[in-house]
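J.: A predicted structure for the sequence below; I have some questions about it.
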Amino acid sequence: MTVRVRFAPSPTGMFHVGGARSALQNWIYAKQQGGVFVLRIEDTDAARNKPEWTEGILSALDWIGISRGSYEGPYFQSANAGEHRAAAARLYDSGRAYYCDCTREDVQARTGSQYQGYDGYHRDRGLGPGPGHALRFRTPDEGTTVVVDLIRGEPTFENKLIEDFVIARGDGSPVFLLANVVDDMTMGITHVIRAEEHLPNTPKQQLLWEALGVKPPVWAHVPVVVNEKRQKLSKRRDKVALEAYRDEGYLAGAMRNYLMLLGWAPSGDREIVPWSVIEDEFRLDEVNLSSAFFDEKKLRAFNGEYIRALPVAEFIDACQPWLTGTGTIAPPPWQPEEFDADAFAAVAPLAQTRIAVLSEIVPNVDFLFLASPLIDEAAWTKTMKDGSAELLDDAVAAFEALESWDAESLKSTLEAVGAERGLKLGKTQAPVRVAVTGRTVGLPLFESLEVLGRERTLTRIRAARLRLV
Ligand code: GLU
């Protein structure tokens, strides 16, 4: 039997990192089993779906390594509406479902003030189809439904506690629960790997599989991803969109590796391993049953390590979207014609060891491309003290006299200027850094000055000096 798994997102918003994690787990499982990964877009909620969300899912999957053309699909749930209706009709014809026109209030009036679920009133009343008549599934009165779950063992549900749930609404349209089952069935899905929030639906869905006469799939319900307060990651509260991480400059390799480490770890106490190791070693049944903390700080540190591991040429390539601004990435503060690829290449190795996400490249190098630096006023006020003006005067004079404009000479020259005032190098270079780059932190100063060049360095220090008058 060929293993067939599916990832079945609903295109109702940005692509959630938890969804990306499920997709990767499905992807790896299929690969390990020599199986097939199917992508199905569950777009039946017409009011909430937008085509751009579908496009977002496809491109985010592509980015994370599940590339278009390498899986089956995408299929669209809305295209299968006929089969969903046919399945509902079959369940009715076989007596496994019946019509009901009760409102919630009707049930409440019969059963007491608290709504405890549907009371089965119409089970044997023989109501036929008609406007406003919902179709309900007749759940077994006795016995248990045991679902086989690769992560949880065999969660067991008492059938008598499962209400006769609705499978098609009063207007005849099948509900999601049924559509999802029918699609899995028609697509020959053997393993349903999805988030744990769907577990309450699973006994109902398994009953539907059985009633439709098909062997149910094996399930795997993966614990949810939570924030530092142990709350489920929510798009209102937390940064959950995979696209947001991509646009901030997380590397796909770091991101997908980190997502797989949520609730699982490769052997040997390692975290940074090649993707192939994750593909070999990942086991669904080893996924931790408690919810997994999505730690953005850790992800940042992780990403920094991936950035540092890149060959410089690849790092330079990877920075391009932030240096030029493409797609959803904002353009940098300089004009395209101000950009100097050689100057960038000269400082790139220095930046590579310092940034944690690629978007941070921009504030680190903008001083090289802008006609004058973007002055951070708070940094300016903090740094420019009594004596700074004279210090800058001396720095200009000493730099003007330099024969060779290189980092070594610049450093020893400025060191000497500071020493005359009894200042350590750190204190001496701070006003020069703010004058030249506009900031208190950045790339190593003397290498930066070397690349910026004599003319521009001196012009900037003089301009800063004038501001201090
Ligand atoms: N469309 C559902 C969701 O996005 C998927 C349900 C499932 O995986 O069975 O939550």
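T.: That came through, no problem.

J.: And the residue of the stretch 51-200 of the chain found nearest the ligand, its phi and psi?
T.: When scored by Cβ to the nearest ligand atom, the stretch 51-200 of the chain has residue 194 as its residue closest to the ligand, at 3.6 Å. The way it works is simple: take the backbone N, C-alpha and C, and place the C-beta from them, glycine included. Note on residue 194: its backbone torsions stand at phi -150, psi 180 [degrees, to the nearest 10].

J.: With the one 4 residues further on instead?
T.: For residue 198, the backbone dihedrals (degrees, to the nearest 10) come out as phi -90, psi -10.

J.: circling back to that earlier point, what are the bridge partners for the residue of the stretch 51-200 of the chain closest to the ligand, then?
T.: For residue 194, the beta-bridge partners are residue 221 (DSSP bridges).

J.: need the contact list for it.
T.: Contact analysis of residue 194 by Cβ atoms under 8 Å, 6 or more residues apart in numbering lists 8, 22, 219-222.

J.: how about the nearest residue to residue 332, chain neighbours excluded?
T.: Nearest residue to residue 332, sequence neighbours excluded (Cβ to Cβ, 6 or more residues apart in numbering): residue 362, at 5.0 Å.

J.: burial count for that neighbour?
T.: 21 (other Cβ atoms under 10 Å).

J.: And residue 7, by the same measure?
T.: 26.

J.: got a pLDDT number for it?
T.: We have a pLDDT of 98 for residue 7.

J.: Start at 34, not 1
T.: All set: I'll call the first residue 34, so the last point we hit is now residue 40.

J.: residues touching it, list them.
T.: Per Cβ under 8 Å, 6+ apart, neighbours of residue 40: 52, 55-56, 59-60, 70-73, 94.

J.: Equivalent analysis for residue 403, please.
T.: 366-367, 371.

J.: nearest to the ligand, of the residues you listed?
T.: residue 366 (39.0 Å).

J.: didn't that closest one look like it was pressed against residue 405?
T.: No - counting by Cβ atoms under 8 Å, residue 405 is not a contact partner of residue 366; they are 11.3 Å apart.

J.: who touches the nearest residue to residue 323 once chain neighbours are set aside in this structure?
T.: Distances taken as Cβ to Cβ, 6+ apart place residue 256 nearest to residue 323, at 6.3 Å, with adjacent residues excluded. For residue 256, the contact set (Cβ under 8 Å, 6+ apart) comprises 184, 229, 296, 320-325.

J.: now residue 417
T.: 464, 467, 497, 501.

J.: how about residue 482, secondary structure?
T.: Under DSSP: H, G, I helix; E, B strand; the rest coil, residue 482 falls in the helix class.

J.: What is the neighbour count of it?
T.: Residue 482 has 27 nearby residues by other Cβ under 10 Å.

J.: re earlier: quick one: buried ones out of the contacts of residue 227?
T.: 41, 55, 252-255 (16 or more other Cβ atoms under 10 Å).

J.: Make TSV from the residues you listed and add distance to residue 137 to it.
T.: TSV is the format used below for the buried ones among the contacts of residue 227 (distance: Cβ to Cβ, whole Å):
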residue	distance to residue 137
41	29
55	33
252	30
253	34
254	29
255	33
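
J.: ok, and which of the residues you listed reach the ligand?
T.: residue 41 (Cβ under 6 Å from any ligand atom).

J.: Any buried residues in the helix or strand hosting residue 61, and which?
T.: For residue 61, the enclosing helix or strand under DSSP states H and E is helix 50-65. The neighbour-count check on helix 50-65 (16+ other Cβ under 10 Å) flags 50-63 as buried.

J.: next one: stretch 477-485
T.: Buried, per 16+ other Cβ under 10 Å, within stretch 477-485: 478-485.

J.: Any of the contacts of residue 417 buried? List them.
T.: Going by neighbour count (16+ other Cβ under 10 Å), the contacts of residue 417 have 464, 467, 497, 501 buried.

J.: Spatially, and excluding backbone neighbours, which residue is closest to the first one.
T.: Translated: residue 464. Leaving aside its sequence neighbours, residue 464 is closest to residue 421 (4.5 Å, by Cβ to Cβ, 6+ apart).

J.: ok so, going back, quick check: the two most widely separated of the contacts of residue 40?
T.: Of all pairs drawn from those, the greatest distance, 15.2 Å, lies between 52 and 71 (Cβ to Cβ).

J.: Once you drop chain neighbours, what's closest to residue 468?
T.: Residue nearest to residue 468 in three dimensions, not counting chain neighbours: residue 497, with 3.4 Å by Cβ to Cβ, 6+ apart.

J.: Can you give me the neighbour number for the closest residue to the ligand within the stretch 384-502 of the chain?
T.: Nearest residue of the stretch 384-502 of the chain to the ligand: residue 390, at 27.7 Å (Cβ to the nearest ligand atom). Neighbour count of residue 390, defined by other Cβ under 10 Å: 19.

J.: contacting residues for the nearest residue to it once chain neighbours are set aside?
T.: Closest residue in space to residue 390, ignoring its immediate chain neighbours: residue 282 at 4.0 Å, by Cβ to Cβ, 6+ apart. Shown in contact with residue 282 (Cβ under 8 Å, 6+ apart): 336, 355, 388, 390-394.

J.: and residue 258, what does it touch?
T.: Contacts of residue 258 (Cβ under 8 Å, 6+ apart): 50-51, 54, 265-266, 295, 324-327.

J.: one more time with 6 Å
T.: Listed by Cβ atoms under 6 Å, 6 or more residues apart in numbering, the contact partners of residue 258 are 51, 266, 295, 325, 327.

J.: how about low-confidence regions in the protein?
T.: Under the criterion of pLDDT under 70, none of the chain is flagged as low confidence.

J.: Would you state the strands of the chain in chain order?
T.: 37-40, 69-74, 105-109, 130-133, 167-170, 177-179, 189-191, 199-201, 224-228, 251-255, 258-259, 325-326 (DSSP state E).

J.: Nearest residue to residue 86 in space, ignoring adjacent ones along the chain?
T.: Per Cβ to Cβ, 6+ apart, closest to residue 86 is residue 44, 3.7 Å.

J.: okay, the contacts of residue 403 in CSV with neighbour count next?
T.: CSV is the format used below for the contacts of residue 403 (neighbours: other Cβ atoms under 10 Å):
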residue, neighbour count
366, 12
367, 19
371, 13
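
J.: Out of the residues you listed, which is nearest to residue 351?
T.: Closest to residue 351, out of all of the contacts of residue 403 and judged by Cβ to Cβ, is residue 367, at 18.9 Å.

J.: gap between that closest one and residue 349?
T.: 17 Å (Cβ to Cβ, to the nearest Å).

J.: got the residues of this structure near the ligand?
T.: 41-43, 75, 213, 225, 227, 231.

J.: one more time with 8 Å
T.: 39-43, 52, 55, 75, 209, 213, 217, 225, 227-228, 230-231, 234 (Cβ under 8 Å from any ligand atom).

J.: Report the buried members of the residues you listed.
T.: Buried residues within the residues of the chain next to the ligand, counting neighbours by 16+ other Cβ under 10 Å: 39-43, 52, 55, 75, 213, 217, 225, 227-228.

J.: and which of the residues you listed is nearest residue 428?
T.: Once Cβ to Cβ is applied, the member of those that ends up nearest residue 428 is residue 52, at 54.2 Å.

J.: which non-adjacent residue is nearest that closest one?
T.: Excluding its sequence neighbours, the residue lying closest to residue 52 (Cβ to Cβ, 6+ apart) is residue 42, at 5.4 Å.
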